[in-house]
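# Return a 3D structure for these sequence lines:
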Amino acid sequence: MEVALSYVDVWGKTQEVDPETRAALLKALGPKKSGLKKNLLPRPQSCYQPEFLERGGRTWGFAVQLYGLRSARNWGIGDFGDLRALIETSAALGAGLVGLNPLHAAHLSPYSPSSRHALNPLYIDVEALPEFSANARARRLVASRSFQARLKKLRGAKLVDYEGVRRAKHEVFESLFPEGRNRGPHTTFALFEALAEKFGGNWQEWPREYRHPRSAAVGRFARANARRVGFHAWLQRRAREQLDAAQKRALELGMPVGLYVDLALGADRGGAEVWSDQGAYALSASSGAPPDGFNPRGQDWGLPPYSPRALRARNFRPFAELLRANMPEGGALRIDHVMSLARLYWIPLGAKPDRGGYVSYPLRELLAVLAAESRKRRCLVIGEDLGTVPAELRAALAEAGVLSYRPLIFARAAPRDFPRDALACVSTHDLPTWRGYWAARDLELRERIGLTVDSKRESRQRKADQASLTATLRREGLDRTARSAHAFLARTLCKLVAVQPEDVLGALEQANLPGTITEHPNWRRKLPLALERWSADARFAALRDAFGAGKPIADPARRR
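Predicted coordinates:
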């Protein structure tokens, strides 16, 4: 049954999907394709895992919001140059991975990108481009007193000024892209970007003749604006080269995983990805979540979901291409909301989030594609499986070699009882920091903004959870400090451990407060300590001691 008649909510109650909603969701699925051959995808193999993990090894590393890295040299946003420096700092501390927020092409939220197939050019290290070193005019511009004053202001800002960074970087990008650079492959993303400069960023509001990438009008535009399309294609090539070089450097330094990148659940309805392949999406529905304890009104993420019928009709090629665009060679991939491989909560356009229903996906086939692409690129896979995840789905993911995701703030088990096939962490970008959890900072913000229905109940539940977690730590002889939290994680058997610098540095605020857009500075916060100072900071040295003590947490054979 593609659309559920009912589902069990987080309180254990059965919720019925009303007939009108179910009819709307069936319509959003699109017609069933007739005359299709039976799907011949093989039984899923296990996803790739590095040999050192299969031999019992473990490793750890930092999970960072790349945009939030501070450094003496960046332009007000963490970039691929900072990433290289972070890799070198991490390797010196004995870490084996560096986790990143989604790097997708996005205007602000990395989880609502224009395209998951493209990279955000704001992450480019401008001064590392070969064109920059060869362009004296651009170097003089950047070295000028006025431009340096702009960069100093951008670096010193408490929050990332995306528009200020964009203006500064694009001023130099434009001067670096010479005539003749319009040759080479022009992706549909590059074509979309050129069209967006003329018509605006939402393709659904463009003149009708430009709303399909293969229309005659779009073809004429591409030929008439080849240089502009080439400019955006050039930015993508340079961004990809710098990201690939960072992974290469990590492996050169002996890091057993290197980059651990994040794949967002979906893409913006009006963006490049959906415009490029409209038939793959259910455009009259949005993905989201039903009401729960933290979002009693439910959530509408505004992202059109993949149509399972369209995926099957195309032998899952859109999903395979998405994986290829994001899996780092020899690295790791985190799949946000991995439950979407089996089912996803759909909301008809215009309806409230509580008027939705679950739509089923072909889990076996999607896992087969995931495992095949994972093995081709030797890429480890982690599934973000927080929330109400059916036991049978957890079993299927484990059988397919997809690691689970285990934050300490939800844990009540001893370290030895954490699953081996998992990534352990203190918290995530959508949850309070370690300090923020104990201060109930997230509950305070939610009440101030008006996201809660019963603040007293939420406060009582938090106090009960804190008492339980305190008892769990005390049984290990640990207190409620961040250092103890990381010591706890080091004692687990989990294959991977991810450490947020926000917790090491005692940050109070979290990266994102779910349910907010403008009410909270989501995806803009910078770390309080510049990257150049990490190596001399005792708090980071303590991580080396915690994860290096006792049994080895990484494969020493890979160290150089």
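# Next, the buried residues of the helix or strand that Ser175 is a member of.
Here Ser175, judged by DSSP states H and E, is contained in helix 162-176. For helix 162-176, the neighbour count (16 or more other CB atoms under 10 Å) marks 162, 164-165, 168-169, 172-173, 176 as buried. Bear in mind the C-beta positions are built from the backbone N, C-alpha and C, glycine included.
# could you redo the residues you listed as CSV and give each row pLDDT?
Shown next, in CSV, are these (pLDDT from 0 to 100):
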residue, pLDDT
Tyr162, 98
Gly164, 98
Val165, 98
Ala168, 98
Lys169, 98
Val172, 98
Phe173, 98
Leu176, 96
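# Just name the closest of those to Gly78, please.
Set against Gly78, the nearest of those by CB to CB is Val165 (10.4 Å).
# on that earlier part again, please state the offset of the helix holding Ser175 from the chain centre?
Put simply, helix 162-176 sits 24 Å off its chain's centre (CA atoms, centre = their mean, to the nearest Å).
# Start at 43, not 1
That works, and once the first residue is 43, the last one we named lands at helix 204-218.
# by contact count, what packs against that helix?
helix 172-175, helix 178-185, helix 187-198, helix 268-294 (3 or more CB pairs under 8 Å, 6 or more residues apart in numbering; DSSP states H and E).
# now the closest residue to Ser318 other than its chain neighbours: how far from Ser257?
Nearest residue to Ser318 in three dimensions, chain neighbours excluded: Thr230, at 4.1 Å (CB to CB, 6 or more residues apart in numbering). Distance, Thr230 to Ser257, using CB to CB, to the nearest Å: 12 Å.
# out of the helices and strands packed on helix 204-218, which comes closest to Leu135?
helix 268-294 (13.2 Å).
# about what we covered before: please work out which of the helices and strands packed on helix 204-218 is packed deepest.
helix 268-294 (a mean of 20; mean count of other CB atoms under 10 Å).
# tell me the angle the helix or strand following that one makes with helix 268-294.
Of the helices and strands lying after helix 268-294 in sequence (DSSP H and E), the nearest is strand 300-305. Inter-element angle recorded for strand 300-305 and helix 268-294: 130 degrees (by axes from the mean of the first three to the mean of the last three CA atoms, to 10 degrees).
# Could I get the average pLDDT for whichever helix or strand comes after strand 300-305?
As assigned by DSSP H and E, the chain's next helix or strand after strand 300-305 is helix 314-318. Regarding helix 314-318, the rounded mean pLDDT is 98.
# One more: stretch 44-58?
On average, stretch 44-58 scores 81.
# Identify the residue spatially nearest to Ala258, adjacent ones excluded.
According to CB to CB, 6+ apart, the nearest residue to Ala258 is Glu251 (7.5 Å).
# residue contacts, that neighbour?
257-260 (CB atoms under 8 Å, 6 or more residues apart in numbering).
# between the residues you listed, which has the most around it?
Of the contacts of Glu251, Val260 is surrounded by the most neighbours, 20 neighbours in total, counting by other CB atoms under 10 Å.
# Quick check: that residue touching Tyr252?
Yes: using CB atoms under 8 Å, Val260 is in contact with Tyr252, at 5.7 Å.
# Out of the helices and strands packed on helix 204-218, flag the one nearest Val59.
helix 268-294 (41.3 Å).
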